[in-house]
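**Student:** coords below, sequence missing:
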C-alpha cells in the first residue's frame, strides 16, 4: 500500500516525523463505530481503524504523548452548519447515543476532549492552541470518516503548518473507494500516509519532554 | 448532471440560496490557468471554469455582489506549510509569474483580494469577516482545483455556517476523475452543486442591499 | 455618562445599531457573580451588571434575539493558557462551583452555550459562525469583567467586523477605575458605549426575522 | 518599574521565558512612528519604543530569532471593521505614507511580513501558524500602541497559549496614562512585563535550533 501511495504522489520528498508528536482522534463516537445499531455505523474499515487506534492510543498514553479527542454533537438544528444528510441532523444531538465517545478509544481523564461543530477537529476548538502549549510539531491523525472529517482535519493540520501523518489503518470510511480516493488526494499534497506500525516505531523512539 | 448529483446524495433537502450572495474566486492565477506555459496549467476543466466564471463575475460586479479573490504565494519556503509537490514549493513565490492573478478573472479595483497560505480561501485571511460586514449568507464557490483548494474552501464555508453553492462548471481540476470524486464527497454533505446558469438566474432575481 | 464618553472619543461618527442584533453574555458564572462566596465575587459593578443584563436577556428571549452565553473552565492546568492569577488556575476547573452559570442570567434551553478557554467569547468557539447563521450584524456585549474578558470580546467582535455595542450598565468589574479606563479605550476605537435602556428601545423597534 | 508591576499583580508565579522565542513587531509604520508628519505620530513613548526595538531586532536577526512584522492598511473603507477614529479610516489605505513600514525597524528580507485588518497581529493572519512551524513557544511583543494593538496582540498570544513577554520599553503609546493602565491590566493576567535588557540577556543565552 505504502508503495502505491508513493507512486501516486510521485514526490520523493516526504514530510517526515518531527520532534514532538500529538495525536488527534476524530469522531470515534458510537453513531459511527458501533456495529449494527446505527444507520451510520458498522463498516469494516471503521472497525479496523478502531482496533488499530486502540493499540496506538494505549501505548501513546503510556508514553505521555498529547492526545486530543472529539465527537460531533449539537444542542439543536439551529446551531448546526447546513448539513445535507437528514439523518445526521436528527441524531447528532447532545445526549443522543450516537454522540457517545466509544469507550474502547476514549480516555476522558487523559485526552484533551472537545465537541466540535464542523468537520475538522481544529475548527473553532482549542485543539491548535492545546498543541502549541504542548510544543507539538507533528500531528498523527486517527478516526473516521476518511472522506469527511479526516479529510477536513488533515487540511487544517497542514494549514496550521504542522507535519501531518495519517496511519492508513487508523482511519476508516463506510465506502472503500471514498477511503482510497481521499487518501490519494491528501497524500500527494498535504501529509504522509503511513501505518500504525511505523507510527508506533516512531513514538517509541522519540524522546518526549 | 444535476440529476446524477441528487442521486448521489440521496438527500432531497437541498440547502438552497439565501438572501445575500457573495462569491469566492480561488486561485485563478496564471500558474494554474495559463495554457501551455506552466507545469500545472492548461487543463480543459480549468479552461472551462475560467470561461464560465468570467461571465458570472462580470455580471456579479454589475449587480454589486461582493467578491473575494485569492491567489497562493509565499515569500520563501520557510513560510509555507509542508507542501508535498516539489514544483509548488519552487514556484509559488511572490513575483513568480505563476502567482499572477489571471486578468480575465480578477478586478483588483472591485474584488476584496487576499494572498492565502493554505488551501482554503478562508484560512487565516480576512474573507470570513469581510462577508460578515457585507451581511452575506450564501457563498458561491468558483476557482481551481476542485480536489484541493475548492474542496478546502467548501469545507470552511460550510464550517462558518454559510449556505454554500458550487456551480460545477465554474470549478475545475487537472484530473476529471478527481473533479467528480470531490464533487461527490462535498455535494452529499456540505453544499449544493449547481451550475452557472442557475446561479446567474438567482443573482438576477435577488434584491441586493 | 454617555456625554462624557462622546467627549472622550471626540468622534461624532457613531457606529450605530444594525439590522439584526445578537447578544453575548460573558462569564456570568458564580465565581464572579455570587456575593461573598468567592475570592473573585461580590463586586457592586458586577451586581449591577447582572441585574440589568437579567432584564435585557428576559426581553431578548421573548423577542427571539439570538444569545450566546459562555463560562470559562478547564479540565486541568495543562489545558489552560498561561494565566497569571494563581487562584484562577486552581478553581476554574470543570465541576467547581465557581464555573457554574448564574441561573439568574443563563437559559440553557434558549442560549447557544459554550465553555471558552481564552478571554474572548469568540476565541476558538463556535460563536462567530453561530451569529453568521443567524445573520447577525450587531453584537450587544454583556458580562464581566470589563478590564479582561469584556475588553477581549469587544476587540474580537470588532475584528470580525460586527457592529459592537456595549451597554455600560450590563458590564462590570471588581475595580471601578479599571472599568472606566477600559470603556475609554474601547469606546474611542471599537464600539459604541450605550446603556440598557437605549439597547432595549432598539431591540423593541427592530423587526427580527 | 518592574517592582511596581510585580506589586500590581501580587502574583509571584511568573510565566518565564521558554525554549524558543519569536518576536512580533506591531504597527511600527510611519503614520505612528514618524515625528511631526502625522496626526497620530510623534509621541515620546513611541520614539523610545522604536529606538529600543531597533536594537532588539538587529540582535535577533543576527541570532536567527523568528520575527513577524505587520502594518495595518486597507484597500478601502468597505473592507475595514467599524473603526471609530475618522482620521484612521481616511489614511490607513494601501499606498498612503502612513502605512509604510518604518525602515529603522523592518527588514522585508528577514521578517515574516503581513498586513493586518484588526488590532491583533494574530487575527486572520498567518502569524500563529508561522510560529508553529518555527516551534516557537515564547512571544516577545514590540510595537505600538500599547492601549490598542499591543493590548489586542498580547490577549491573542496568551489565548494561543504562547508564553508572552512584553519588554515595556519596546512598546509605546501617545498617552502615558493609557500605556501604564494597559500594562497593569495585561501584566496581572496574561503576560510578564519585562524590559529590553532582560529580553536581550535571554535571547543571547537561549540555544536556537
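**Tutor:** Perfect, I can see it now. Since the structure is predicted, the reported quantities are computational estimates derived from the model, not experimental observations. Residues are numbered from 1 along each chain as shown, chains lettered A, B, ... in the order given.
**Student:** show me which residues of chain A sit near chain C.
**Tutor:** A:75, A:78-79, A:81, A:112-113, A:117-118, A:124-126, A:128-130, A:133 (C-beta under 8 Å from any C-beta of the partner chain). Yep, even glycine has a C-beta here, placed from its N, CA and C like the rest.
**Student:** mind redoing it with 6 Å?
**Tutor:** Contact residues (C-beta under 6 Å from any C-beta of the partner chain) of chain A with chain C: A:79, A:112, A:117, A:124, A:126.
**Student:** identify the farthest-apart pair in these.
**Tutor:** Using C-beta to C-beta, the pair of the residues of chain A next to chain C lying farthest apart is A:79 and A:112, separated by 22.1 Å.
**Student:** buried set for whichever strand or helix holds residue A:47?
**Tutor:** Under the criterion of DSSP states H and E, residue A:47 resides in helix A:44-63. Going by neighbour count (16 or more other C-beta atoms under 10 Å in any protein chain shown), the buried part of helix A:44-63 is A:45, A:46, A:49, A:50, A:51, A:52, A:53, A:54, A:56, A:57, A:60.
**Student:** any idea how far the fifth one is from residue A:168?
**Tutor:** Remark: distance between residue A:51 and residue A:168 (C-beta to C-beta, to the nearest Å) = 13 Å.
**Student:** same check, this time on residue A:55
**Tutor:** In terms of C-beta to C-beta, residue A:55 sits 15 Å off from residue A:168.
**Student:** with residue A:46 instead?
**Tutor:** Looking at residue A:46 against residue A:168, where the rule is C-beta to C-beta, the gap reads 13 Å.
**Student:** around chain D, pick out the residues from chain A.
**Tutor:** Applying C-beta under 6 Å from any C-beta, we find that chain A lies next to chain D at A:129, A:132, A:133, A:135, A:137, A:160, A:161.
**Student:** one more time with 10 Å
**Tutor:** Within chain A, the positions near chain D by C-beta under 10 Å from any C-beta of the partner chain are A:18-20, A:126, A:128-137, A:158-163, A:209.
**Student:** just the buried residues of the residues you listed.
**Tutor:** The buried subset of those (16+ other C-beta under 10 Å) comprises A:18, A:20, A:126, A:128-137, A:158-163.
**Student:** also near chain B: which of the residues you listed, exactly?
**Tutor:** Taking C-beta under 10 Å from any C-beta as the test, chain B is in contact with A:18, A:158, A:159, A:160, A:161, A:162, A:163 out of those.
**Student:** quickly find the element holding the fifth one.
**Tutor:** Mapping residue A:161 onto the secondary structure by DSSP H and E places it in no helix or strand at all.
**Student:** mean pLDDT per helix and strand in chain A: which one sits at the bottom?
**Tutor:** Every helix and strand of chain A was ranked by mean pLDDT, DSSP states H and E. The lowest is helix A:2-9, at a mean of 43.
**Student:** the inter-axis angle of the next helix-or-strand element following that one versus helix A:44-63?
**Tutor:** Per DSSP H and E, the first helix or strand lying C-terminal to helix A:2-9 is strand A:21-26. On the basis of axes from the mean of the first three to the mean of the last three C-alpha atoms, to 10 degrees, strand A:21-26 is oriented at 140 degrees to helix A:44-63.
**Student:** give me the contact status of strand A:21-26 with chain B.
**Tutor:** No - Strand A:21-26 does not reach chain B (C-beta under 10 Å from any C-beta); its nearest approach is 13.5 Å.
**Student:** output the contacting helices and strands for that strand.
**Tutor:** Secondary-structure packing of strand A:21-26 (3 or more C-beta pairs under 10 Å, 6 or more residues apart in numbering or on different chains; DSSP states H and E): helix A:44-63, strand A:67-72, strand A:112-116, helix A:127-133, strand A:138-144, helix A:151-159, strand A:163-167, helix A:196-205.
**Student:** let me know whether the host helix or strand of residue A:184 sits next to chain B.
**Tutor:** Assigned by DSSP H and E, residue A:184 falls within helix A:176-187. Yes - applying C-beta under 10 Å from any C-beta, one finds helix A:176-187 touching chain B at A:177, A:178, A:181, A:182, A:184, A:185, A:186, A:187.
**Student:** how about the first one, what does it touch?
**Tutor:** Read it as residue A:177. By C-beta atoms under 10 Å, 6 or more residues apart in numbering or on different chains, residue A:177 lies in contact with A:147, B:181, B:184.
**Student:** quick one: low-confidence ranges for chain A?
**Tutor:** A:1-13, A:35-42, A:209 (pLDDT under 70).
**Student:** secondary structure class for the residue with the largest distance to the centre of it?
**Tutor:** Distance from the C-alpha centroid of chain A, by C-alpha atoms, centre = their mean, peaks at residue A:78 (26.2 Å). With DSSP: H, G, I helix; E, B strand; the rest coil as the basis, residue A:78 sits in helix.
**Student:** cool, and residue A:105?
**Tutor:** With three-state DSSP as the basis, residue A:105 sits in coil.
**Student:** isn't it right next to residue A:70, touching?
**Tutor:** No - using C-beta atoms under 10 Å, residue A:105 is not in contact with residue A:70, being 11.3 Å away.
**Student:** please enumerate the shared neighbours of those two.
**Tutor:** The overlap between the contact sets of residue A:105 and residue A:70 (C-beta under 10 Å, 6+ apart) consists of A:25, A:28, A:29, A:111, A:143.
**Student:** identify each buried residue in stretch A:21-29, please.
**Tutor:** For stretch A:21-29, using 16+ other C-beta under 10 Å, the buried residues are A:21, A:22, A:23, A:24, A:25, A:26, A:27, A:28, A:29.
**Student:** got the contact list for the residue nearest to the second one when sequence neighbours are not counted?
**Tutor:** Beyond its immediate neighbours in the sequence, the residue positioned closest to residue A:22 (C-beta to C-beta, 6 or more residues apart in numbering or on different chains) is residue A:136, lying 3.6 Å away. By C-beta under 10 Å, 6+ apart, residue A:136 lies in contact with A:18-23, A:65-66, A:68, A:128, A:130, A:162-163, D:132, D:135.
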